[in-house]
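Visitor: Turn this into a model:
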Amino acid sequence: MGKTCGATVLASQSIKSAGNPQIPLRWIVMPFIRRGCSALLCTMLTLGLTACGSSVSSSREWSDGGDTFQMAGSVDERIKNLLEHHADMDQSQRQMLERALANEGKISHADYLTAWDNYRQCLVAKGYNPPTMRLINGVYIHQIKIDTSGMSEAQQDKLNSDVDGCQARYVLSVDDIYRLNVANPSLYSNSDVALVDCLRRHALVPKDYSVNQYRAESERFFGTDVSDTKTEREAYTKRREAFSFDFNAPQARTCVVTNDSSLLIDELETWKPLS
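Guide: Alright, predicted model coming up:
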């Protein structure tokens, strides 16, 4: 747990089909590549950026065990860094970030939805079926659940490259800032810290709820025996019982989808890129 940077490598997983829990359906979860990065990698990944963030004092017990490194000193600083160091952005995405700078660092919901639609259209223009996308309380699930059956290794490699390229060009930076606006105002680069901070700020957990407790619950989530379930949705519903907070509360879902949407992957339809 405690992810600070997205990965470009496709992670193969299998789920049990609804008809027979013993028959695996092959699919791939492609992580959405985050602009956020750890203190160790931040300077390297931003190509010489001299001050890409800072560390917050960890004297607060709730954050013990978690890295409180911040992406930048403010949202405006974060936006300026993205504009300066990511020349791969389309002009449409650049203009959205510039509008945010003129609006106290806030990405409008209309711009956010447009950026995602531009990303979708980019993949369609490359010959793929429209990717499945799931909006939860105004925020899209990061991951893409892909059915790769019938695709060669070369086709999967090209898909990986095309998805990465369309993300970077049209939506990646806008999505980064929008998520900070919605549920991570302290700009924590560590997703566990950001999620727990969100739950605490909205009084969804007790005051003594900590990153260590969340991580322990996450371990139970992933370690739950779901052999008696018949569908992916049933399996995830059972796994979520590991969390001590009300996972289905609307604000809790916002905290989760914004900071670790992999916990909601069962709500995303599988995408078949090629017919």
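Visitor: for the residue lying closest to Ile136 once chain neighbours are set aside, what are its contacts?
Guide: Using Cβ to Cβ, 6 or more residues apart in numbering and skipping the chain neighbours, the partner closest in space to Ile136 is Val257 (4.4 Å). C-beta: built from backbone N, CA, C; applies to glycine. Counting by Cβ atoms under 8 Å, 6 or more residues apart in numbering, Val257 touches Ile136, Asn137, Val139, Tyr140, Ile141, Leu264.
Visitor: mind pulling up the phi and psi values for the fourth one?
Guide: Phi and psi for Tyr140, reported as degrees, to the nearest 10, are phi -80, psi 140.
Visitor: Report how many residues lie close to it.
Guide: Using other Cβ atoms under 10 Å as the criterion, Tyr140 is surrounded by 23 other residues.
Visitor: quick one: the strands in the stretch 1-150 of the chain?
Guide: Here the stretch 1-150 of the chain has its strands, by DSSP state E, counting those that start in this stretch, at 11-16, 24-30, 54-55, 69-70, 135-136, 139-140, 144-146.
Visitor: Considering the ones you listed, which stretch scores lowest in mean pLDDT?
Guide: In terms of mean pLDDT, the lowest-scoring of the strands of the stretch 1-150 of the chain is strand 11-16 (a mean of 35).
Visitor: Run through the stretch 101-250 of the chain and note the low-pLDDT ranges.
Guide: Along the stretch 101-250 of the chain, no part satisfies pLDDT under 70.
Visitor: Helices of that one, residue ranges please.
Guide: 109-125, 153-170, 172-183, 191-201, 211-223, 232-239, 250-259 (DSSP state H, counting those that start in this stretch).
Visitor: could you redo those as CSV and give each row distance to Arg99?
Guide: Output for those, formatted as CSV (distance: least, Cβ to Cβ, whole Å):
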stretch, distance to Arg99
helix 109-125, 7
helix 153-170, 15
helix 172-183, 10
helix 191-201, 24
helix 211-223, 34
helix 232-239, 37
helix 250-259, 21
